[in-house]
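**Q** starting from these lines, generate the structure:
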Amino acid sequence: MARTTTRGRGSGSSTRHTMTAAARAAARRAERGHREPGPATADEAPLTGRTVLVEAPGDGWDDPPEPSPEAFEEDDAPQEQGGRRRRRLFTAVMGVLLVAGLVAVAVLGWQYREGRRADDARGEALAAARKAAPVVLSYDYQHLDRDFARARGHLTGTFRDEYRKTTATVVAPTAEKYHGVVKATVATASVVSASPDKVTVLLFVNQVTRSTQVSGSRVDLNRVRMTVTRTSKGWKVSAVDAL
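**A** Predicted coordinates:
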């Protein structure tokens with residue numbers, strides 16, 4: 001193909017270069033169009049799906065450049081980096097959610113076990129309170145030491161020491177002087193509050209009292225709040241309050 005030229009001054013040189021470059025590009029395209037079909041090699045594989053902008057030099061091109069595969073690789077790099085960042089962020093978020101889920105399961109499991117233990121404690125402590133109340137709140141002047149010793153077997157902690165002191169200094173002298181006999185029975189009882197190791201029980205107690213100070217027998221209907229605590233020897237009374 002003959003080269004087309006245009007003579008002139010000033011802008012003529014730039015126009016000549018541009019037309020020459022266009023003619024060369026057209027010749028190459030025509031040559032590629034006459035090639036026999038066959039499997040495309042790695043160098044001939046078409047690059048599609050991207051637009052690459054290349055700025056031309058001020059005086060134009062003698063031979064317009066064709067985009068290289070490196071240009072597309074450089075264009076893909078920011079997207080690949082963004083994809084890696086998103087994957088790392090997703091992995092971190094999933095890790096946090098997994099840890100939070102494990103903590104929630106552990107807390108719920110602990111609460112469930114504590115709830116079961118508290119339910120078991122309610123029944124055990126209530127039975128212990130009903131058994132201890134008649135012993136702790138009863139005595140007979142004829143065998144005070146035996147009665148008080150039996151009562152202390154149901155007590156624990158500082159209340160055991162307080163009971164020993166009160167019965168020795170107040171209850172025993174009065175009972176011996178007036179031949180006092182007190183017999184207590186539990187009418188009804190219910191749990192006020194419960195935890196795995198401590199239960200508060202409300203008891204309605206009937207106390208029948210005989211002494212030289214009263215004629216016949218006197219019946220007192222009392223409400224007693226009893227705190228029962230789990231110990232290595234079972235449930236023991238740790239506090240008694242008359243209401």
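
**Q** mind listing the helices for this protein?
**A** Using DSSP state H, the helices of the chain run over residues 12-33, 69-136, 144-152, 157-166, 172-178.

**Q** these two touch, right, residue 211 and residue 217?
**A** No: at 9.5 Å, residue 211 does not count as touching residue 217 under the criterion of Cβ atoms under 8 Å. Quick note: C-beta positions are derived from backbone N, CA and C, even for glycine.

**Q** tell me which of these two has more neighbours.
**A** Applying other Cβ atoms under 10 Å to residue 211 and residue 217 shows that residue 211 carries more neighbours, namely 17 against 11.

**Q** which ones are touching that one?
**A** By Cβ atoms under 8 Å, 6 or more residues apart in numbering, the contact list for residue 211 reads 175, 178-181.

**Q** distance of residue 147 relative to residue 234?
**A** To residue 234, residue 147 is 21 Å away according to Cβ to Cβ, to the nearest Å.

**Q** so between those two, which is more surrounded?
**A** When neighbours are counted by other Cβ under 10 Å, residue 147 and residue 234 differ, and residue 147 comes out ahead with 21 against 11.

**Q** show me the contacts for that one.
**A** Contact analysis of residue 147 by Cβ under 8 Å, 6+ apart lists 135, 138-140.

**Q** ok, now with 7 Å
**A** The contact partners of residue 147, taken as Cβ atoms under 7 Å, 6 or more residues apart in numbering, are 138-140.

**Q** residue 121 now?
**A** When the contact criterion is Cβ under 7 Å, 6+ apart, the partners of residue 121 are 194-196, 199, 230.

**Q** so among those residues, which ones count as buried?
**A** Applying 16 or more other Cβ atoms under 10 Å to the contacts of residue 121, the neighbour count classes 194, 199, 230 as buried.

**Q** any chance of JSON lines for the contacts of residue 211, columns pLDDT?
**A** Putting the contacts of residue 211 into JSON lines (pLDDT from 0 to 100) gives the following:
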{"residue": "175", "pLDDT": "96"}
{"residue": "178", "pLDDT": "95"}
{"residue": "179", "pLDDT": "96"}
{"residue": "180", "pLDDT": "95"}
{"residue": "181", "pLDDT": "96"}
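
**Q** can you turn the buried part of those residues into a ChimeraX selection?
**A** Burial among these is assessed by 16+ other Cβ under 10 Å; the matching ChimeraX selection reads:
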select :175,180,181
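
**Q** which of the contacts of residue 211 sit farthest apart?
**A** Across the contacts of residue 211, no pair lies farther apart than 178 and 181, at 9.8 Å, counting by Cβ to Cβ.

**Q** need the residues touching each of these two.
**A** Here residue 178 and residue 181 share no contacting residue, scored by Cβ under 7 Å, 6+ apart.

**Q** nearest residue to residue 119 in space, please, no chain neighbours.
**A** Nearest residue to residue 119 in three dimensions, chain neighbours excluded: residue 194, at 7.9 Å (Cβ to Cβ, 6 or more residues apart in numbering).
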